[in-house]
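A.B. asks: all I have is the shape, not the residue letters:
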């Protein structure tokens, strides 16, 4: 049976390669299956034409490498999409600083002076009062709404 099918498939391979047809993918899949099942017969059939044998083996290897790269790229895209879906479904906690904190952390002038004995005396701060405890930080919940693509803030 292989003696009848292989010449037709080889002619079809040449024709599809000349036309750069999308059907080459399916043809190489057929070649791969035939080569796996009938390895010894393929070697016997293509034994007379070493160049053709090398071309078929090269085409099959190239197809397998391309297919492997496409599977890896598809897997990577699927993982990235899954990570994006996971992020869009859960809330992200963001710590937001109170605006007053920046004002209180601004540079204050030092009014320290040395007395006659060389001891530092602490004068009043530039604002005239003691520095209060730093304010507490607010936690804001940010939810990415995957339905409309909006960012929603919730308290």
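C.D. replies: Good, I have the coordinates. Values in this document were obtained by computation on a predicted structure and should not be read as measured data. Numbering: from 1, shown residues only.

A.B. asks: going by C-alpha atoms from here, please, whenever you check contacts or count neighbours.
C.D. replies: OK.

A.B. asks: on contacts alone, who are the packing partners of the lengthiest helix in the chain?
C.D. replies: If you go by DSSP state H, the chain has its longest helix at helix 50-89. Under the contact criterion of 3 or more C-alpha pairs under 8 Å, 6 or more residues apart in numbering; DSSP states H and E, helix 50-89 touches helix 24-37, strand 138-145.

A.B. asks: please redo it, this time with the cut-off set to 6 Å
C.D. replies: Contact partners of helix 50-89 among helices and strands, from 3 or more C-alpha pairs under 6 Å, 6 or more residues apart in numbering; DSSP states H and E: none.

A.B. asks: and it, which residues are buried?
C.D. replies: Going by neighbour count (16 or more other C-alpha atoms under 10 Å), the buried part of helix 50-89 is 53, 56, 59, 60, 63, 64, 88.

A.B. asks: okay, these in a markdown table with pLDDT and distance to residue 19 next?
C.D. replies: Shown next, in a markdown table, are the buried residues of helix 50-89 (pLDDT from 0 to 100; distance: C-alpha to C-alpha, whole Å):
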| residue | pLDDT | distance to residue 19 |
| --- | --- | --- |
| 53 | 74 | 21 |
| 56 | 73 | 17 |
| 59 | 76 | 16 |
| 60 | 74 | 18 |
| 63 | 80 | 17 |
| 64 | 83 | 21 |
| 88 | 69 | 45 |
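
A.B. asks: so the longest helix of the chain versus helix 24-37, what angle?
C.D. replies: 110 degrees (axes from the mean of the first three to the mean of the last three C-alpha atoms, to 10 degrees).
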